[in-house]
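Student: Here is my input, please return the structure:
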Amino acid sequence: MDSAPGALIFDFDGVIADTEPLYWKAWREVLKRFGVPFTWQDYCRIGRGIRDEKILTCLAEFVGDPGDLLQIQQSLPEREEMVRRSRVDQPLIAKATVQLLRSLDGRILGLVTSSNRSDVEPLLQAAGIAGCFDACVFGEELTDHKPDPAPYILIREKLGIQDGVVFEDSEAGLLSATSAGFRAIYVASPVELPMLVRNMLESELA
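Tutor: I've put the predicted structure just below:
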């Protein structure tokens, strides 16, 4: 099958939505109960773009007591609820990002996220951009997650493309995308996304 030109694929957390700090703060609150400091830098190193199951494995670096790790695992529903409550208090998808995605009408757009559909779709719908994507891959659809290439292999199948450009904010996401054969662009912060996409599109015309 020929490649569909202009396919653009986006991660959600940390790329479209400024949600990564919410995940970090929730993890920080849980770990504080066990006397474990957990900085933003710690989260970016072991948790950004990663499913909770993988983060729990990495937390053995910080939490030496297996009993404490078990209690932390049991507190995951509470941590998820902390994130959901905090999402209500602030706009998480910038107007500039909404305008950008709406301006890309005519291009093939995809979304690949480690988060579950129930956590992502309400934010997309509230921002009025749920219909911008031709296909989405959500965390619960897969058993192998980023940095495994499986999420991006699945979006390639759903979109019917061979390649495209991916926008990712984590090392795990970048590795997942490139291992699946995509070109990947690093997004340090959601506020940078519109500029990065415009620059990429302008380079196509140069």
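Student: quick one, helices of the protein?
Tutor: 20-32, 40-46, 52-58, 66-74, 76-88, 95-103, 117-127, 150-159, 171-179, 193-205 (DSSP state H).
Student: for the chain, what are the low-confidence residue spans?
Tutor: 1-5, 206 (pLDDT under 70).
Student: how many neighbours does the nearest residue to Ile153 once chain neighbours are set aside have?
Tutor: The shortest distance from Ile153 to any non-neighbouring residue, by Cβ to Cβ, 6 or more residues apart in numbering, is to Ala180 (5.0 Å). (Each C-beta comes from the backbone N, C-alpha and C, glycine too.) A total of 21 residues lie near Ala180 under the criterion other Cβ atoms under 10 Å.
Student: ok so, going back, now render the helices of the chain as TSV, adding distance to Glu141 and mean neighbour count.
Tutor: Output for the helices of the chain, formatted as TSV (distance: least, Cβ to Cβ, whole Å; neighbours: other Cβ atoms under 10 Å):
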stretch	distance to Glu141	mean neighbour count
helix 20-32	20	18
helix 40-46	24	15
helix 52-58	15	15
helix 66-74	23	13
helix 76-88	18	14
helix 95-103	22	16
helix 117-127	8	16
helix 150-159	7	20
helix 171-179	14	21
helix 193-205	24	13
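Student: can you tell which of those is closest to Val165?
Tutor: helix 193-205 (6.2 Å; Cβ to Cβ).
Student: Just want the angle from that closest one to helix 95-103.
Tutor: Here helix 193-205 runs at an angle of 40 degrees relative to helix 95-103 (axes from the mean of the first three to the mean of the last three Cα atoms, to 10 degrees).
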